[in-house]
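Trainee: All I have is the shape, not the residue letters:
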């Protein structure tokens, strides 16, 4: 295996512009080629949904054409919102293998120009069908992960709120100094507190924006100042309800394990990181899944300012998805480009991190199910052997068997509420507010359901699930339910005696 | 570099079914895993537009989930209608490199269930924007390529018609014996002659159908009976008008050159081939671009029955896209699976080709701009060194600079008609019939335009191009035009004298 190096990078401004995806990707590509000493012998395009956002299919040929490098192999890769990280990872593998010498990576997305409800609907296509048909959107699933995290570590509402607000304020502060960020304004505690609830407990300032932007990067087998140290990639079930843990991302843990193993590094060696903060709560969860902090303890470090720009372990010095913006297919590569800039001291002094030898980038596709962890390192820093990308064990992640067929029309099941949220910004075709829950039934299977009536629920509380007109609903278990369940259990016991 | 082998394959029936893309890909994947001795350590999904055809984004995670192999890396690759060939090529590179040992490839598309006009519109997103906005659809561009081919080799209408009909009848005959083909019925000369014109000279029986289907294949570094001998991949400009040759596909020639070089084989070594016959005329053009026959001479061999099942060089023994069907993302991998079946004598005796040591597969993405040529070989056949996938020269293909900005509102240019067609099945928003042309102007740039009035045109004839209300039109050059052009040329000459 050969070593892989980052040569040149480029990035358009992120935000909302009157530019097409073709224009954005061409701009990023032209800039990257113009400043590079290498001629690409392959082009990889990362984009999540150019078909629906931009009416462009076949974009890998289109970009090659507009960059005037038609002829060379070009592929488009899609892993939902981690597509930009996917082309980085794939590009490294293809250079390490000796197949190509210099690969041009271009990741981009054009999301503005469509109505927000339409964008929400397009993004929701990454969600498993049963959950999508119940009205689930990305913010509502993120909210349910957050609620499960809160429950697992017995956080009170105030502490969770303080944690999320701290992350939002930090990332907006970082972004305020990044001239290419979508948002370049700080936000105050009041701004955060007064922002509207999207899906309880996530407020508007907990969610990344709808953005446009494109990024370029030239990978090479020829030595530069930055080598790619470690690569990790793992998937998980698309459906939340099939996950063993609702409060963490198993695929992040697995991808991180691979990245650390291939680089012979540990979480303690990382100087700074860009992590996928599509929702602020994810930043807390990610820092634990990546091994930076103990499970459930990230709040101590985050509230202690350790993840700020001048802290021990700066997280998202670019502003993150929250403030740099989140053109879905571009994000994963934007993280890498931002890390390279920090490692080359090419950001303003105010935004420069102090230790910049080793950087980690973490990108999530879908609701935590196609995840990349990539590690960059200054060549001058370690005298080490080349990374062993091919020494990785690609394990399967355990799952709870699918429960879609578990409940029949008219049947009632008893269970406990594993997580829930009330969504206020609902997808097309669903009234607001919409309360959604995941229930562990006594059969130890998880069911995704809609609340029959809106209201506050207690996580861990006793819940009755039933199916009516093809829709699965849940309600708080009433006394009558309890009696019914008691009788049924005992009749079943009696019947069993006679069998 | 390691050798790469094909282990197991699977294929659903192709046609139009009441099955979702998730169900089709799961079926192909389950079948491939069940019969395989290998456990995949990577999953590659080929699909062109699952977002719009099937409302599924993030399909690489989804398929891993439904196959219960979540955890392992999974990527979706898209190169328009060659996506299935793209995952084969990429999978081979990743195994050759030592990154993965066993890669499961699944390619699929679900196209039925939407109205034909909607499908046409989705497919047309692969076309360059200026051409698409003029009303171009895939059949109309294919027709223009066919007309340019006819002109270049001075074929008369009758010969071209006979050539296309022979290919259509042959491929339907082959498909009639393929139990998984979309169409399993022979067609007669009358059927062909009586079928309606889609875009002159292409009739309905010259065009592949809208199909559903999925295919699976397990690639391995461990020896089997079939090795992957050669890989070739090349792109070309998306826009037809920018191509140096309108009548052939430069990207096929370049991809074939790479495939032959990496395998140390020549066209003469190929025993049979699956080539991309989305339109019958492409089969004739492809056999020339692949080096099987001299340029403009394929008709001699095709009309002489050499490409039939029992001929010297059977082409599309599966029935091809024409008769096996064309679920766009699945097609490229279906070709490989069909070749493997032939090489393993796993087809009915009536459909079995005689020589089956070396097979070539050729797949086109977009209108000839993202093309793969892959060669398979029986391990027992040659005592050879391993293929050199990395010894390939990834050259750029020359193009005619973009002419979109060449003509101004109100300006008139003189030129010659390079190709044209009259489209009878028009995309949404365009009246039928619609005549489209490519004109070589005196400035030696190509312009794509709509006819001002419908009618018959002479290829090579004198044409006037002009822009009105943002639309570029063409008309036969009139005597008045000729006088205008003459005067302008001479005034310009006079003006030049004084400069």
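Mentor: Yep, it's here. As the structure is a computational prediction, the values presented were derived from the model and not from experiment.
Trainee: and stretch A:274-288, does that touch chain B?
Mentor: No - judged by Cβ under 8 Å from any Cβ of the partner chain, stretch A:274-288 makes no contact with chain B; its nearest approach is 13.7 Å. For glycine as for every other residue, the C-beta is placed from the backbone atoms N, C-alpha and C.
Trainee: Ends of that stretch, what's the gap?
Mentor: Terminal residues of stretch A:274-288 are spaced 14 Å apart (Cα to Cα, to the nearest Å).
Trainee: What of stretch A:302-316?
Mentor: 12 Å.
Trainee: Relative to the whole chain's centre, how far out is it?
Mentor: Centroid separation between stretch A:302-316 and its chain, computed with Cα atoms, centre = their mean, to the nearest Å, is 20 Å.
Trainee: Could you do stretch A:240-249 as well?
Mentor: 14 Å.
Trainee: Wondering if it reaches chain B at all.
Mentor: Yes - using Cβ under 8 Å from any Cβ, stretch A:240-249 reaches chain B at residue A:242.
Trainee: now that stretch: mean pLDDT?
Mentor: For stretch A:240-249, the mean per-residue pLDDT is 93.
Trainee: And that stretch, end to end?
Mentor: One end of stretch A:240-249 to the other measures 10 Å (Cα to Cα).
Trainee: who's in contact with that stretch?
Mentor: A:128, A:131, A:141, A:144-145, A:148-149, A:151-153, A:236-237, A:250, A:285-286, A:288-289, A:295, A:364, A:367-368, A:371, A:398-403, A:418-419, A:438, A:446-448, B:65 (Cβ atoms under 8 Å, 6 or more residues apart in numbering or on different chains).
Trainee: I'd like to know how many residues surround the residue of chain A found nearest chain B.
Mentor: For chain A and chain B, the shortest gap (Cβ to the nearest Cβ) falls at residue A:97, measuring 2.5 Å. Applying other Cβ atoms under 10 Å in any protein chain shown, we find 25 residues neighbouring residue A:97.
Trainee: quick one: contacts for the nearest residue to residue A:212 once chain neighbours are set aside?
Mentor: Distances taken as Cβ to Cβ, 6 or more residues apart in numbering or on different chains place residue A:110 nearest to residue A:212, at 4.8 Å, with adjacent residues excluded. Taking Cβ under 8 Å, 6+ apart, we find residue A:110 in contact with A:19-21, A:24, A:50, A:53-54, A:212, A:327.
Trainee: Residue A:342 too?
Mentor: So residue A:342 contacts A:272, A:317, A:352-353, A:356, A:359 (Cβ under 8 Å, 6+ apart).
Trainee: next one: residue A:146
Mentor: Here residue A:146 is in contact with A:160, A:201-202, A:279, A:281 (Cβ under 8 Å, 6+ apart).
Trainee: quick one: it and residue A:155, what's the gap?
Mentor: 10 Å (Cβ to Cβ, to the nearest Å).
Trainee: Same check on residue A:272?
Mentor: For residue A:272, the distance to residue A:155 - Cβ to Cβ - is 26 Å.
Trainee: Which one's more surrounded, these two?
Mentor: Ranked by neighbour count (other Cβ under 10 Å), residue A:272 and residue A:155 place residue A:272 first, with 25 against 18.
Trainee: Next, the contact list for the nearest residue to that one once chain neighbours are set aside, please.
Mentor: Excluding the flanking residues, the one nearest residue A:272 by Cβ to Cβ, 6+ apart is residue A:314, at 4.3 Å. Listed by Cβ under 8 Å, 6+ apart, the contact set of residue A:314 reads A:272-273, A:307-308, A:353.
Trainee: How about residue A:116?
Mentor: Counted by Cβ under 8 Å, 6+ apart, residue A:116 has contacts residue A:210.
Trainee: for it, phi and psi?
Mentor: Main-chain torsions, residue A:116, degrees, to the nearest 10: phi -60, psi -40.
Trainee: what does residue A:357 give?
Mentor: According to degrees, to the nearest 10, residue A:357 has phi -80, psi -40.
Trainee: Counting neighbours, what do you get for it?
Mentor: Here the number of neighbours of residue A:357 (other Cβ under 10 Å) works out to 15.
Trainee: got a pLDDT number for it?
Mentor: 97.
Trainee: Residue A:377 is in contact with that one, correct?
Mentor: Yes - using Cβ atoms under 8 Å, residue A:357 is in contact with residue A:377, at 6.7 Å.
Trainee: ok, now which ones touch the residue nearest the centre of chain A?
Mentor: Nearest to the mean C-alpha position of chain A, by Cα atoms, centre = their mean, lies residue A:364 at 3.0 Å. Listed by Cβ under 8 Å, 6+ apart, the contact set of residue A:364 reads A:81-82, A:249, A:252, A:276, A:278, A:282, A:370-371.
Trainee: Pick out the most distant pair among these.
Mentor: Across these, no pair lies farther apart than A:282 and A:370, at 14.5 Å, counting by Cβ to Cβ.
Trainee: the more surrounded of the two?
Mentor: Taking other Cβ under 10 Å, residue A:282 and residue A:370 do not tie; residue A:370 has more neighbours (35 against 28).
Trainee: how close does the more buried one sit to residue B:76?
Mentor: 9 Å.
Trainee: go on, residue A:299?
Mentor: 36 Å.
Trainee: before we move on, back to that, take the contacts of residue A:364 and write them to JSON lines, including distance to residue B:46 and secondary structure.
Mentor: Converted to JSON lines, those look like this (distance: Cβ to Cβ, whole Å; DSSP: H, G, I helix; E, B strand; the rest coil):
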{"residue": "A:81", "distance to residue B:46": "21", "secondary structure": "strand"}
{"residue": "A:82", "distance to residue B:46": "19", "secondary structure": "coil"}
{"residue": "A:249", "distance to residue B:46": "27", "secondary structure": "coil"}
{"residue": "A:252", "distance to residue B:46": "27", "secondary structure": "helix"}
{"residue": "A:276", "distance to residue B:46": "26", "secondary structure": "coil"}
{"residue": "A:278", "distance to residue B:46": "27", "secondary structure": "coil"}
{"residue": "A:282", "distance to residue B:46": "30", "secondary structure": "helix"}
{"residue": "A:370", "distance to residue B:46": "16", "secondary structure": "strand"}
{"residue": "A:371", "distance to residue B:46": "22", "secondary structure": "strand"}
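Trainee: did I read that right, the residue nearest to the centre of chain A in a strand?
Mentor: Yes - with DSSP: H, G, I helix; E, B strand; the rest coil as the criterion, residue A:364 is part of a strand.
Trainee: ok, and the closest non-adjacent residue to it?
Mentor: In space, residue A:364 is closest to residue A:276, 4.1 Å off (Cβ to Cβ, 6+ apart).
Trainee: How about the contacts made by that neighbour?
Mentor: The contact partners of residue A:276, taken as Cβ under 8 Å, 6+ apart, are A:81-82, A:282, A:286, A:321, A:331, A:362-364.
Trainee: residues from the stretch 51-200 of chain A in reach of chain B?
Mentor: A:51-52, A:55-58, A:60-62, A:64-65, A:68-80, A:86, A:90, A:93-94, A:96-100, A:122-123, A:125-126, A:128-129.
Trainee: Tell me which of those residues fall in helices.
Mentor: Among these, the ones falling in helices (DSSP state H) are A:51-52, A:60-62, A:64-65, A:86, A:90, A:93-94, A:96, A:122-123, A:129.
Trainee: Tell me which of those residues has the lowest pLDDT.
Mentor: Least confident by pLDDT among those: that is residue A:129, with 87.
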